[in-house]
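Chemist: Take this sequence and fold it.
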Amino acid sequence: MNDLTKCLFIDPYSKAYYEDRLFDRDNRVLNRDDSLAPFIRLSEMVTFQGGSIHTADCIPQQESLEKTFNYYSLGVLNNYDKFRTRKDVRLCAFLIFEPPVVDPRLYAALPELTAAFERVYLHNIEGDGYSLKGVDQSRLRKLYWPQPHKDVLSVYWNCEERLRRIVMINGNHKPALSNGELYSKRIEALAALSKFGTVDLYGRGWQKWWSRSSMWFPYWQHRGTLMSIYKGSCESKYQVLSQYAFALCFENMAMKGYITEKIFDCLYSGTIPLYLGAKDISDLIPENAYIDCRKFASWGEMHEKIMGMCEAEIRVMRTAGRVFIQGVQGLKYHDSLFEIFHE
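Modeler: As a prediction, the model looks like this:
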């Protein structure tokens, strides 16, 4: 196990985070809803232990004879190759956050990635949703999506005046692959639930019929309905969630182990997640903290169930979510970067 008293460099998924902006607490755009908190905590821990941490654009272009630069990639395929022949750069880990339906190139590159990096982190190591052909499985590690908080956000969680309605906060996208995608399920659920007049949609791009993300059949089939429930983008997910009793919480893909920030956003805000995503969700998050959409024969049946819940039932589910966030299982996600950079 490595300590953190070394030169660590992280290659972020966008150049917007270059020049160490990945660790910029005060950047209101990049750190929206505290999304950079896991990297900021990591930076503080590394600095406290006497090491240094920067974004990978800060690696000197000239090879060093005195230092070793420990390189970590957040899913960037086109950058690490230039470091493979440098004796002063150690390719420590490659982290795959996106599922195959978003970026299939990452999974097609797994044989090469496991040959180049000491470790590759992804949502499951069993090959659910992708192929293990040619992959060095000994280098695969389970990824726990880093989360910003280890407790609920009281200012939002404590909000009692909530609409007995359903909200969804998602941008308008279409999948790169169709197998296992849940983008169309989001649209299907919104269209079905709109008939009851109890669902609202927030997020970017839904109104842009001319965008590439809108160029697929499910969007156009239900565009009128989507526009009738669309409330625009939102500045804070937590603030919007805190106004609602329930939230449609669909991952991008139904894949084992694939849990992102979406369900955590709900738990932080005290909103009951109506969840669809990880096939093994009950092994990862207690079943009494969310509603599993797979258990209903129709969206109408689910709607009847949740609208019939009494306040006591809702409080029990909200409390179960808080207990999970505060507990050992929740800390796996909160502290996941420490584990990755310590290994």
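Chemist: after the top helix by length along the chain, next one along is what?
Modeler: The longest helix of the chain (DSSP state H) is helix 311-326. Remark: after helix 311-326, the chain's next helix or strand is helix 328-334, criterion DSSP states H and E.
Chemist: Can you give me the buried ones in that next one?
Modeler: Using 16 or more other CB atoms under 10 Å as the test for burial, helix 328-334 gives 330, 333-334. From N, CA and C alone the C-beta is placed, and that goes for glycine too.
Chemist: ditto for stretch 286-295
Modeler: By neighbour count with 16+ other CB under 10 Å, stretch 286-295 contains the buried residues 289-291, 293.
Chemist: okay, these in a markdown table with secondary structure and pLDDT next?
Modeler: As requested, those are arranged in a markdown table below (DSSP: H, G, I helix; E, B strand; the rest coil; pLDDT from 0 to 100):
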| residue | secondary structure | pLDDT |
| --- | --- | --- |
| 289 | helix | 98 |
| 290 | coil | 98 |
| 291 | strand | 98 |
| 293 | helix | 98 |
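Chemist: and which of those residues is nearest to residue 73?
Modeler: residue 290 (31.7 Å; CB to CB).
Chemist: Surely that closest one and residue 247 touch.
Modeler: No - checked against CB atoms under 8 Å, the pair residue 290 and residue 247 is beyond contact range at 9.9 Å.
Chemist: Show me whatever sits in contact with both of these two.
Modeler: Common contacts of residue 290 and residue 247 (CB atoms under 8 Å, 6 or more residues apart in numbering): 266, 272-274.
Chemist: just checking, residue 39 is part of a helix?
Modeler: Yes - the assignment for residue 39 is a helix, going by DSSP: H, G, I helix; E, B strand; the rest coil.
Chemist: from memory it sits against residue 337, does it?
Modeler: Yes - if you go by CB under 8 Å, residue 39 and residue 337 touch, sitting 7.0 Å apart.
Chemist: between these two, which one's more packed in?
Modeler: When residue 39 and residue 337 are compared for neighbours, residue 39 comes out ahead with 23 against 20, by other CB atoms under 10 Å.
Chemist: Report the contact partners of that one.
Modeler: Residues counted as contacts of residue 39 (CB under 8 Å, 6+ apart) are 10, 22-23, 146, 337.
Chemist: With residue 21 instead?
Modeler: For residue 21, the contact set (CB under 8 Å, 6+ apart) comprises 27, 30, 55.
Chemist: Can you check the pLDDT for it?
Modeler: Per-residue pLDDT puts residue 21 at 98.
Chemist: which of the contacts of residue 21 are buried?
Modeler: Neighbour-count burial (16+ other CB under 10 Å) applied to the contacts of residue 21 gives 30, 55.
Chemist: In strands only, show me the contacts of residue 21.
Modeler: Members of those lying in strands (criterion: DSSP state E): residue 55.
Chemist: could you dump the contacts of residue 21 to CSV with pLDDT and distance to residue 179?
Modeler: As requested, the contacts of residue 21 are arranged in CSV below (pLDDT from 0 to 100; distance: CB to CB, whole Å):
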residue, pLDDT, distance to residue 179
27, 96, 37
30, 96, 32
55, 98, 34
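Chemist: Among the contacts of residue 21, which one lies nearest to residue 112?
Modeler: Looking across these and measuring by CB to CB, the closest to residue 112 is residue 55, at 23.1 Å.
Chemist: wait, that closest one sits on residue 18?
Modeler: Yes - assessed by CB under 8 Å, residue 55 is found in contact with residue 18 at 5.3 Å.
Chemist: Need the overlap of contacts for the two.
Modeler: Taking CB under 8 Å, 6+ apart as the contact rule, residue 55 and residue 18 both touch residue 12.
Chemist: Many thanks, we can stop here.
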